[in-house]
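S.K.: Sharing a model prediction with you, sequence too.
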Amino acid sequence: MPSMPTHSEEEISQQAYAAARLSAGPGPCIVALHIGAEQTAIAVGRGALPDMVTLLPMGAERTAREQFRSAPPTPLAMENAIQVVEDGVMPLRPLIPLDALLFSADVGLREIALLSGLAPDATLQLEAMERSFNRLVAVVEGLPDAQLPASNAFAARLLILREFMHHLQFAHIVVLHAP
């Protein structure tokens with residue numbers, strides 16, 4: 001059974017939003033993404049406080065538990081998980097402005113950025129994230145990669161990030177230190 005977080009996903013996303021707003025400065029629309037264990041929180045806005053906080057019923061551990069029956073997941077399980085996550089993310093498209101900037105303070109997303117070859121507190125480009133996802137796909141297809149974590153929660157987190165960036169049209173994500 002997953003451990004209960006000390007703060008709600010909504011509180012964490014609002015803290016991440018505050019850190020993102022500090023980094024972005026006043027003006028631009030920002031999206032703070034938090035991929036928790038059981039759900040994903042998104043805070044969106046242009047001001048000091050988010051205009052909208054949305055919780056999606058998909059998190060790294062939940063998605064891994066519900067979609068992956070083996071470690072690593074099978075190719076079919078990965079395809080099914082992609083569809084489930086895509087279906088969860090697509091309704092957000094009309095709610096997020098095309099000029100929005102994407103931020104996260106997640107430790108798990110920082111791990112993905114580091115594995116993608118970036119320094120901490122860096123901007124993870126879509127192409128670099130996609131290369132890491134392709135490495136994961138190679139593992140799913142039977143080619144080991146000792147540098148990628150073997151956990152299904154890692155695979156689910158990377159998958160959620162990928163679908164979020166692709167379908168909401170983010171070219172990059174700024175990964176900050178946790179607030």
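M.R.: Structure's in. What do you need?
S.K.: ok, the residue nearest the centre of the chain to Arg69 distance?
M.R.: Residue closest to the mean C-alpha point of the chain, counted by CA atoms, centre = their mean, is Leu161 at 3.3 Å. Distance of Leu161 to Arg69, given as CB to CB, to the nearest Å: 22 Å. Placement of C-beta: from N, CA and C, glycine included.
S.K.: And the strands in the chain, which stretches?
M.R.: Secondary structure of the chain (DSSP state E): strands at 30-35, 40-45, 52-56, 101-104, 123-125, 172-175.
S.K.: Need the winner for burial among these.
M.R.: strand 30-35 (a mean of 27; mean count of other CB atoms under 10 Å).
S.K.: Could you check the angle it makes with strand 52-56?
M.R.: For strand 30-35 against strand 52-56, the angle by axes from the mean of the first three to the mean of the last three CA atoms, to 10 degrees is 20 degrees.
S.K.: Just confirm Ala100 contacts Gly27, I think it does.
M.R.: No - applying CB atoms under 8 Å, one finds Ala100 not in contact with Gly27, separated by 11.7 Å.
S.K.: More neighbours: those two, which one.
M.R.: Per other CB atoms under 10 Å, whichever of Ala100 and Gly27 has more neighbours is Ala100, with 18 against 9.
S.K.: residues touching that one, list them.
M.R.: Listed by CB atoms under 8 Å, 6 or more residues apart in numbering, the contact set of Ala100 reads 28-31, 44, 170.
S.K.: try 7 Å this time
M.R.: Going by CB atoms under 7 Å, 6 or more residues apart in numbering, Ala100 touches 29-31, 44.
S.K.: out of those, which one sits closest to Met78?
M.R.: Val31 (25.3 Å; CB to CB).
S.K.: residues in contact with that closest one?
M.R.: Each residue near Val31 by CB under 7 Å, 6+ apart is listed here: 42, 44, 96, 100, 102-103.
S.K.: And the pLDDT at Glu11?
M.R.: Looking at Glu11, its pLDDT stands at 87.
S.K.: number of nearby residues for the nearest residue to Glu86 once chain neighbours are set aside?
M.R.: The shortest distance from Glu86 to any non-neighbouring residue, by CB to CB, 6 or more residues apart in numbering, is to Glu163 (5.2 Å). Neighbourhood size, Glu163 [other CB under 10 Å]: 22.
S.K.: what's near enough to touch Glu163?
M.R.: 82, 85-86, 89.
S.K.: For Glu127, give its distance to Leu55.
M.R.: Distance check for Glu127 against Leu55: by CB to CB, it reads 29 Å.
S.K.: Thought Asp51 was touching Ile42, still the case?
M.R.: No - using CB atoms under 7 Å, Ile42 is not in contact with Asp51; the gap is 11.4 Å.
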